[in-house]
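In: How does the following fold in three dimensions:
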Amino acid sequence: MQAKRYLAFTSVVITLVVFLAGLFWLGLFSYSAVPVSAFEALHALFEPNSTQMAHIVVMDIRLPRVLEAGIIGAALACAGALMQALTRNPLASPSLFGVNAGAALGMALVATFFVASSPISTQAAAMLGGFGAWVLVMILGGAWKMGSERGQLVLAGIAISALLGALTKACVILVEDQAIAVMGWLAGSFANAGWDTWRASWPILLPALLGGFILAPKVNLLVMGDERVKSLGVNLSLLRGLIALVVLLLVGISVSSVGAIAFVGLIVPHMARALVGYDYRLVLPVSMLIGAGLTIGADVLSRAVTFPTETPAGAVLALIGAPCFLYLVRRKA
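Out: Residues are numbered from 1 along each chain as shown. Next up, the predicted model:
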C-alpha cells in the first residue's frame, strides 16, 4: 500500500514538473511587445547572444520574471498549507488571515512615510506587519483556546484584513506622490520583477521552502490535536514558532517583492491534498509545484488579457480564487 501511494505521488510530481516546464517555456516568449518565437526562447536559454534583440528580451526581462513568478507561487502555496495545518482550519491562508494585509501595510508605511530614511528594510517591514496581523487574528479568533470555532478565526481574519487594507489606502491618500507606485504594487504584479528582485528574494525563500519541507513530518502530528502531540514528547510551542517563522519569511518576502498575491495559499493546498492525500511530506512539494505553475500561468494570462498592455497577475488570480473560496466556504459550512 505504501509503495502504491509513493508510486502515485511520483507520477503526480512528474506530470506537474512537465506541465510546469511547459508553462515556464511559454512565459519566456508569449505576448511580447518584441516578437520572440518559441525556438528563439529555447536558443536564448542555452546559447544566449547579446547581439540579438529576442535573446536580450528573454534573458534580461522574461527569464527573471518567470523565475520570480515561480518561486513566489511556490512560497505562497507552501505558506498556505502550513497555516492550514497549524490552525487546523481548511480556510486558512495568508490573504484570509491578514498576513498579506499586514505585510502590505508594513511595505506601504516604508514606501510612503519613510521612503528616504527608513530605519528598517522593506522586507523587514513586510515581515513585521505580517507577524503583527497574524498575532491579532490568532488572539481575536481564539486560536489557542480549547474548542474554539473555526468560523471565529475566519471572521477575525476578514475583520483585520479590512482594517489593515483601509490603513494602507489611507497611507496612499496622505502621501499622494507615492500613490501610483504603491497602488501598482498593491495590485500584485510580476511586470517589474527583474534580476535585482530575483537576487533579493531567492536566498531567503529557498531556505524557507526547504525549512517547511523539513518540518513536514512534525506538521503531520498537528492534525492529531494538541494533547496527543504533547504526549509524543513534541515541544508544541517550539514547533508552532518554527512554522510561524517559515510562514512569515515566505509571505513577507513574497509581498515585499511583487505585492499582495491572493488566493494561491488558499486553493493550492486543497488541490494538492486532492491529488496525494493528507501527508504533508507529499502535500508540501506538490503544493509548491502547483503554486509555481498557477502564478506563472496567471502571469501569462495577465499579458494576454489586454495585450499589449498588462493586467496585474493579482487580479487574474483573484478572478480564479474568489469562486474557489466561495465553493470551499459552502462545502465546509
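In: helix/strand/coil for Val36?
Out: Here Val36 is coil, with the state taken from DSSP: H, G, I helix; E, B strand; the rest coil.
In: when you give positions from now on, start the count at 26
Out: With the count now opening at 26, the last piece we talked about shows up as Val61.
In: Looking at the backbone only, give me phi and psi for it.
Out: Here the main-chain torsion angles of Val61 (degrees, to the nearest 10) amount to phi -130, psi 120.
In: check contacts around the residue nearest to it when sequence neighbours are not counted.
Out: Among residues not flanking Val61 along the chain, Phe54 sits closest, at 4.2 Å (Cβ to Cβ, 6 or more residues apart in numbering). Every C-beta, even on glycine, is put in place using the N, C-alpha and C of the backbone. For Phe54, the contact set (Cβ atoms under 8 Å, 6 or more residues apart in numbering) comprises Val61, Ser62, Ala63, Glu65, Ala66, Val83, Arg87.
In: Count the neighbours of the first one for me.
Out: Just to be clear, that refers to Val61. Neighbour count for Val61, taken as other Cβ atoms under 10 Å: 23.
In: which ones are touching it?
Out: Leu53, Phe54, Ala79, Val82, Val83, Arg87.
In: could you pull out the helices for this protein?
Out: 27-54, 63-71, 78-81, 88-112, 124-137, 147-165, 175-199, 204-211, 220-247, 251-256, 261-283, 289-301, 305-330, 338-357 (DSSP state H).
In: Can you tell me the closest non-neighbouring residue to the most centrally placed residue in the chain?
Out: A centroid search over the chain (Cα atoms, centre = their mean) returns Leu101, at 2.0 Å, as the residue closest to the centre. Closest residue in space to Leu101, ignoring its immediate chain neighbours: Val289 at 4.2 Å, by Cβ to Cβ, 6+ apart.
In: just checking, that neighbour touches Cys103?
Out: No - the pair Val289 / Cys103 is not scored as a contact, 9.9 Å apart, by Cβ atoms under 8 Å.
In: Which neighbours do those two have in common?
Out: With Cβ under 8 Å, 6+ apart as the test, Val289 and Cys103 both reach Gly316.
In: circling back: between the helices of the chain, which has the poorest mean confidence score?
Out: Lowest mean pLDDT within these: helix 204-211, a mean of 68.
In: From Thr112, how far off is the nearest residue to Ala184 once chain neighbours are set aside?
Out: With Cβ to Cβ, 6+ apart as the criterion, Ala184 has its nearest non-adjacent residue at 7.4 Å, and that residue is Leu165. Note on Leu165: its distance to Thr112, by Cβ to Cβ, to the nearest Å, is 13 Å.
In: Looking at the helices of the chain, spot the one closest to Ser118.
Out: helix 289-301 (3.6 Å; Cβ to Cβ).
In: What helices and strands are in contact with the closest one?
Out: helix 27-54, helix 88-112, helix 305-330, helix 338-357 (3 or more Cβ pairs under 8 Å, 6 or more residues apart in numbering; DSSP states H and E).
In: could you redo the last one with a cut-off of 6 Å?
Out: helix 27-54, helix 88-112, helix 305-330 (3 or more Cβ pairs under 6 Å, 6 or more residues apart in numbering; DSSP states H and E).
In: excluding its backbone neighbours, what's nearest Leu67?
Out: Trp50 (7.2 Å).
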